[in-house]
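Q: here is the input, now give the coordinates:
(chains A, B, C and D, ligands or ions: 2)
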Amino acid sequence: MKVRVLIRPKEGILDPQGQAVERALPALGFTGVESVHVGRLVDLEVADPACVEEMCEQLLANPLIEDYEVQVDDGGRA
Amino acid sequence: MKVRVLIRPKEGILDPQGQAVERALPALGFTGVESVHVGRLVDLEVADPACVEEMCEQLLANPLIEDYEVQVDDGGRA
Amino acid sequence: MKLGVVRFPGSCDEVDALLACRRFGEAEILWHRDRDLHGVDVVVLPGGFSYGDYLRVGAIARFSPVMEAVTEFARAGGPVLGICNGFQVLCEAGLLPGALLPNTGLRFLCRQVEVGVANPATAFTRACARGERLSLPVKHGAGRFHASEAELDELEAAGQIALRYAAGHNPNGSARDAAGVTNAAGNVLGLMPHPEHATDPLTGSVDGGKLFESVAQHVTEGAAVPA
Amino acid sequence: MSEVATAQRHRELGLTDSEYERIIDKLGREPNRVELAVFSLMWSEHCAYKHSRKLLGRLPTEGEHVVMGPGENAGAVDVGDGLAVAFKVESHNHPSAVEPFQGAATGVGGILRDVFAIGARPIAVLDSLRFGPLDSPRSRYLMNGAVAGIGHYGNSIGVATVGGEILFGEPYEHNCLINAMCVGIAPRKRLVRSAAAGVGNLVVLLGAMTGRDGIGGASVLASAELGEGSASKRPSVQIGDPFEEKKVLECCLELLDRELLESLQDLGAAGLSSSASEMASKGEVGIDLDVARVPRREPGMEAFEVMVSESQERMLCVVEPARLDAVRAVCDEWDVRCTAIGAVTDTRRLRVLEQGEPVGDMPVEALVDDCPLYDLAPERPPEPVYAPPRARLTAGADLRSTLLALLGSNNIASKRWAYEQYDGLVGSRTVRRPGSSDAAVLHLAHDGASGAIAMSIDGNGRRVACDPYTGAVEAVLECARNLACVGAEPLGLTNCLNFANPEKPHIAWQLEQAVSGLADACRGLGVAVVGGNVSLYNEGGGGPIYPTPVVGMVGRVPDPGSLPETGFVEDGHAIALLGPFLPALAGSELEALRGEMADGLPELDLEAHARALEAARAAVRAGVLATAHDVSDGGLACALAESCLAHGVGAQVDLDALVARVGEGEAEADALEVALFGEGPGGMVVAGPHDSVEQLVASLAPDTALILGETGGEHLTVETGATARLEIEVAAAATAFERGVADHFS
Ligand SMILES: Nc1ncnc2c1ncn2[C@@H]1O[C@H](COP(=O)(O)OP(=O)(O)O)[C@@H](O)[C@H]1O
Ligand SMILES: [Mg+2]
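A: Residues are numbered from 1 along each chain as shown, chains lettered A, B, ... in the order given. Ligands and ions are numbered 1, 2, ... in the order given. Alright, predicted model coming up:
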């Protein structure tokens, strides 16, 4: 089954990448953009989606600094 | 409006990150995982979601090597 | 004193660490697949890019077979030094508090910095005086030490932030200018600067030798760290 | 395939009709798809050097230090104690113009492979980069990406990036140059050649899986002008994987240490096609390859795609069948993929099979040696080829503001912003890191040799554009002077010839002149060329690049323990100017800042320069100098200012003698300006205790040695007679110098 994991910097943790993007946008003519955050996306195919949570805890995310969200593509809308 | 951009290595482009994760998982006891790809996730709030496409082309993604998918959070399910 | 330097696939500074160690004792390379530590007195996790660090620095390396033995060794009070990537691995493995994030400048930085010894009572700083300044190189892209404010207060109170960047020398935005952090017992030190690259007058400063001298004392005189 | 379709296809692949005829002639029939793909790449400029090979014959390639000359993956010279130093420079210009980060990263990956392909452990990388001026966003984008990419690859694989140069000019705006040089070290007995040998031996592929990377890259990206259509060619960006290469590198060196390989070759441009045919050609054998055995990253790849894929981080080796298991065991230990994909035959043909069925069959000689070589039709251009640079200095600026403008200009300002992104220390050999020396110095104690090696990479395209012959000579001299500043004598030279379209007569003239200049300079200094690379067709939308021969040199330093610094180290040292330095404004940075460009550079006397280099080297080796710094861009004033700002030590100098040397013809004010900011080869600023410097100067002819003054204070003060003509606080000079480039990226 296809699974998508969204990993984001925990709230309150400085996200210089997000800030850099936010600063760069106006120069390109994009205004009205805020709260930019950059995280990671992991797509995978797995036999048993139940173990993805555990994978995140152990490897894909660092729970000290990151939040994660698991989305299982059950064929319909993610 | 909240927008989420999913950025992934283009198909056929080498994805060393995905490979590294895929090879690490069995050692942790996670079997049956394949097609791992690692990409980036950008969350942002924007007044006019119509311009996000253009932002991806110009800054957020590298269209030469990455595909992107824009998801607008219209209040309901993304 | 016998030191073991762990080589992960993708380690880069393991030979540098080995050469530095050999100035102060015997030293050998431990392969990431090793399950025992060949009886070494000190373990060094070197800098470099273990497993390419493609997911998150240090994330994959901590699952190497050798890390089980290192964890056991550290928990039993054995001295463990994590340099740069090794620091990152120790945090990921939970042997040290906190985490290391990308530098605030978002770029890799290689430069000489000044570091002050904030706690001279750890296994790796006991040959230093409190407040002593060391000139050491840094070279990393993800060295910004992070922990919660409460945790940082605790670490500071307990003397676990053993090394601090001197004013104006913090290269990465580390909280509280933390350059090197120990576990509560003081036998595990992780630091972003590279002491192994500061042991030869020909290639730079020799201040990094202080860390190796410290651990040599620690090994020969016993673990009783002077208060 | 219909005849018409085929005809179009060969042209699309970059083959001319007559080249296609020749292929038919060599094969005795029409090529099939696989063969056409292989031929088109093997006969591309990039692989066949069809417009440069004849010229390259002029370069001297033999010398007492040479262990391996051009023709192997990298050249090698002897450094004593049974050790050899291998090095080569290579370009990755076109890929970097498309995607600077990955282009530059894979450029580094490629040159590293060339060095470990001959059995040497890479220990240093140097980079030579050219961009448009930094006030252009595109130039900043390219530089930002390229520098990060070089750092990413070198830092991750653990090879120190210890030196380089970055220069700017309008003609590079649409066609940046990314040249990378790698230096490696090996016990001489580990050096290996790429010639395949031993009929019946296995051909084994090591490393990464094969994907559709850079299909057609060599012909399309590297050998054609980047024009409007290039957007459609873009999907062929290759991604570098330094982690994979690190494993492959360690694995290959271990395989060689255990003497398990007969020969070894990297996969570069044209992938398997070129590696296999060159190995077969050098060994005078044939090779059969079965593409079905090649591990693939993607499903559905066709045979021709496998043959021409430029997937990175792969090596090809020849192994005796009985040793295959031992090879496998080493590969397993390093977690490196290892697949026998073919065998050495006695047919002298490259045969491509797919599951045993032949899908291509070509004479090796036709692939490697029979590509037509073209004569250039050089013609000196009747009028200037390049528009002068944009003026950036207001007319009538006084000497102080002129100096500040120069120090802060793109070309002269500190490149700290870039080199701080490179790990220059890994390996524990770096005695002189970037910013602390004109040449990088690496000691060899850990490798079992005494002493150290010094290395430098140089080339000033704008000066070569003013005068291709003299400009090229100067590039060699500058490299040698950088080495002399650390007491190193050159052991060998590598070069990368970055030029525009050689089919145009004036570009051909530049190329011909520059190669002659290189050849003469090498002969004059007694240095052999042990390898190099040619990158042609460097003209994007904005016209041709400046002709840019880049020279890399490696030299030997007997004692790295007492090297001078590039800056003044303490007050009260005597300052002298060594060398037959005769400054002129022609081709100088000042001229460029004023928006002018000379036609022609002053002639120079190579023999005098060779003697002066020898003397400078001897002086440095004598260990009496605290400071030695080469006079280069921005002239003597900039060299002095740089020496002051390195450690914040001021200086007071008197230029009477130099002004007199500059010249009869010039009005006095002009002569001072020329003495301060004029450029030319041969100059070196040195400092040290009065006794030793005065003795040194007295021992040399007056036209090659002048006492200038003394270090000390917080200013750089220049006098003529007893009158101060230019005074500047060292701190102000430092600020201009440090911010000139960095501010563009903040
Ligand atoms: N400008 C040059 N000067 C000297 N040798 C050169 C030059 N250009 C190419 N060569 C030599 O020609 C051979 C082929 O070069 P190249 O195709 O770049 O090799 P590779 O495919 O191994 O990178 C090499 O041995 C190289 O050293
Ligand atoms: Mg090669």
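
Q: from now on I want contacts and neighbour counts done on CA atoms only, so please keep to that.
A: Fine.

Q: does chain C sit close to the helix or strand where residue D:327 lies?
A: Residue D:327 is part of helix D:324-334, with elements assigned from DSSP states H and E. Yes: judged by Cα under 8 Å from any Cα of the partner chain, helix D:324-334 comes into contact with chain C through residue D:334.

Q: select the longest helix from chain A.
A: Criterion DSSP state H: the longest helix present in chain A is helix A:16-27.

Q: buried set for it?
A: Within helix A:16-27, the residues scored as buried using 16 or more other Cα atoms under 10 Å in any protein chain shown are A:16-22, A:25.

Q: tally of neighbours for the residue in the stretch 551-700 of chain D positioned nearest to chain C?
A: Nearest residue of the stretch 551-700 of chain D to chain C (Cα to the nearest Cα) works out as residue D:561 at 6.6 Å. Residue D:561: 15 surrounding residues under other Cα atoms under 10 Å in any protein chain shown.

Q: residues contacting it?
A: Counting by Cα atoms under 8 Å, 6 or more residues apart in numbering or on different chains, residue D:561 touches residue C:202.

Q: from chain A, how far off is it?
A: Distance of residue D:561 to chain A, given as Cα to the nearest Cα, to the nearest Å: 43 Å.

Q: low-confidence ranges, chain C, go.
A: Along chain C, the model assigns pLDDT under 70 to residues C:52, C:223-227.

Q: can you give me the pLDDT of the closest residue in space to residue D:577 that isn't next to it in sequence?
A: Closest residue in space to residue D:577, ignoring its immediate chain neighbours: residue D:685 at 4.8 Å, by Cα to Cα, 6 or more residues apart in numbering or on different chains. Reported pLDDT at residue D:685 in the predicted model: 98.

Q: and what of residue D:233?
A: As predicted, residue D:233 sits at a pLDDT of 34.

Q: next: the one 5 residues further on.
A: As summarised for this prediction, residue D:238 has a pLDDT of 86.

Q: show me what from the stretch 151-300 of chain D comes close to ligand 1.
A: Within the stretch 151-300 of chain D, the positions lying close to ligand 1 (Cα under 6 Å from any ligand atom) are residue D:268.

Q: tell me where the stretch 151-300 of chain D has helices.
A: D:230-233, D:242-257, D:271-283 (DSSP state H, counting those that start in this stretch).

Q: okay, the angle between the longest one and helix B:16-24?
A: Angle, helix D:242-257 to helix B:16-24, by axes from the mean of the first three to the mean of the last three Cα atoms, to 10 degrees: 70 degrees.

Q: pull out the buried residues from helix D:242-257.
A: Neighbour count says helix D:242-257 has D:242-256 buried, by 16+ other Cα under 10 Å.

Q: which non-adjacent residue is nearest the one residue in the stretch 551-700 of chain D that gets nearest to ligand 2?
A: Per Cα to the ion, residue D:552 is where the stretch 551-700 of chain D lies closest to ligand 2, at 17.5 Å. Closest residue in space to residue D:552, ignoring its immediate chain neighbours: residue D:457 at 4.2 Å, by Cα to Cα, 6+ apart.

Q: that neighbour belongs to a strand, doesn't it?
A: Yes: secondary structure assignment places residue D:457 in a strand (DSSP: H, G, I helix; E, B strand; the rest coil).

Q: surely residue D:317 and residue D:260 touch.
A: No: at 9.9 Å, residue D:317 does not count as touching residue D:260 under the criterion of Cα atoms under 8 Å.

Q: just to revisit the earlier point, and the helix holding residue D:327, anywhere near chain B?
A: No: Helix D:324-334 is not in contact with chain B by Cα under 8 Å from any Cα; minimum separation 13.8 Å.

Q: quick one: mean pLDDT over that helix.
A: Averaging pLDDT along helix D:324-334 gives 96.

Q: helices of chain C, residue ranges please.
A: Counting by DSSP H, the helices of chain C are C:14-22, C:65-75, C:85-92, C:149-157, C:209-221.

Q: select the longest strand from chain A.
A: Ranked by number of residues, the top strand in chain A under DSSP state E is strand A:33-46.

Q: what's that strand packed up against?
A: With contacts taken as 3 or more Cα pairs under 8 Å, 6 or more residues apart in numbering or on different chains; DSSP states H and E, strand A:33-46 sits against strand A:2-9, helix A:16-27, strand B:2-9, strand B:33-46.

Q: export those to JSON lines and tack on distance to ligand 1 and mean pLDDT?
A: Shown next, in JSON lines, are these (distance: least, Cα to the nearest ligand atom, whole Å; pLDDT from 0 to 100):
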{"stretch": "strand A:2-9", "distance to ligand 1": "41", "mean pLDDT": "94"}
{"stretch": "helix A:16-27", "distance to ligand 1": "37", "mean pLDDT": "91"}
{"stretch": "strand B:2-9", "distance to ligand 1": "28", "mean pLDDT": "94"}
{"stretch": "strand B:33-46", "distance to ligand 1": "31", "mean pLDDT": "94"}
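
Q: to chain D, which of the helices of chain C lies closest?
A: Closest to chain D of the helices of chain C, according to Cα to the nearest Cα: helix C:14-22, at 5.8 Å.

Q: just how off-centre is the closest one within its chain?
A: 14 Å (Cα atoms, centre = their mean, to the nearest Å).

Q: which other helices and strands does that helix contact?
A: Short answer (3+ Cα pairs under 8 Å, 6+ apart): helix C:14-22 packs on strand C:2-7, strand C:26-31.

Q: check those for me and report the most buried one.
A: Per residue and on average, the most neighbours among the helices and strands packed on helix C:14-22 fall to strand C:2-7, with a mean of 25 (mean count of other Cα atoms under 10 Å in any protein chain shown).

Q: next up, the contacts around residue 74.
A: With no chain named, the answer covers chain A. Taking Cα under 8 Å, 6+ apart, we find residue A:74 in contact with A:1-2.

Q: let's do chain C instead
A: Residue C:74 makes contacts with C:80, C:95, C:187-188, as judged by Cα under 8 Å, 6+ apart.

Q: residues near residue D:594, how many?
A: Using other Cα under 10 Å, residue D:594 has 17 neighbouring residues.

Q: find the nearest non-adjacent residue to it, please.
A: Going by Cα to Cα, 6+ apart, residue D:594 has residue D:391 as its nearest residue, at 4.7 Å.

Q: so the one you found sits against residue D:596, correct?
A: Yes: here residue D:391 reaches residue D:596: they are 7.5 Å apart, a contact under Cα under 8 Å.

Q: between the two, point out the one with more neighbours.
A: More crowded of residue D:391 and residue D:596, by other Cα under 10 Å: residue D:596, with 18 against 14.

Q: does the more buried one belong to a helix, a strand or coil?
A: Under three-state DSSP, residue D:596 falls in the coil class.

Q: now it: how far from residue D:586?
A: From residue D:596 over to residue D:586 the distance is 9 Å, taken as Cα to Cα, to the nearest Å.

Q: ok, residue D:459 next?
A: From residue D:459 to residue D:586 the distance is 16 Å (Cα to Cα).

Q: which of the two has more neighbours?
A: Using other Cα under 10 Å, the more surrounded residue of residue D:459 and residue D:586 is residue D:459, with 29 against 22.

Q: closest residue of the stretch 601-746 of chain D to chain B?
A: Here the residue of the stretch 601-746 of chain D nearest chain B is residue D:745; by Cα to the nearest Cα that distance is 16.2 Å.

Q: swap that for chain C, sorry
A: Per Cα to the nearest Cα, residue C:54 is where chain C lies closest to chain B, at 4.8 Å.

Q: give me the contact list for the one helix or strand the residue nearest to residue D:577 maps to.
A: Residue D:685 is part of strand D:684-688 when elements are defined by DSSP H and E. Strand D:684-688 is contacted by residues D:481, D:485, D:568, D:573-579, D:624-631, D:639-640, D:693 when judged by Cα under 8 Å, 6+ apart.

Q: following the helix holding residue D:327, which helix or strand comes up?
A: Next element after helix D:324-334 (DSSP H and E): strand D:338-345.
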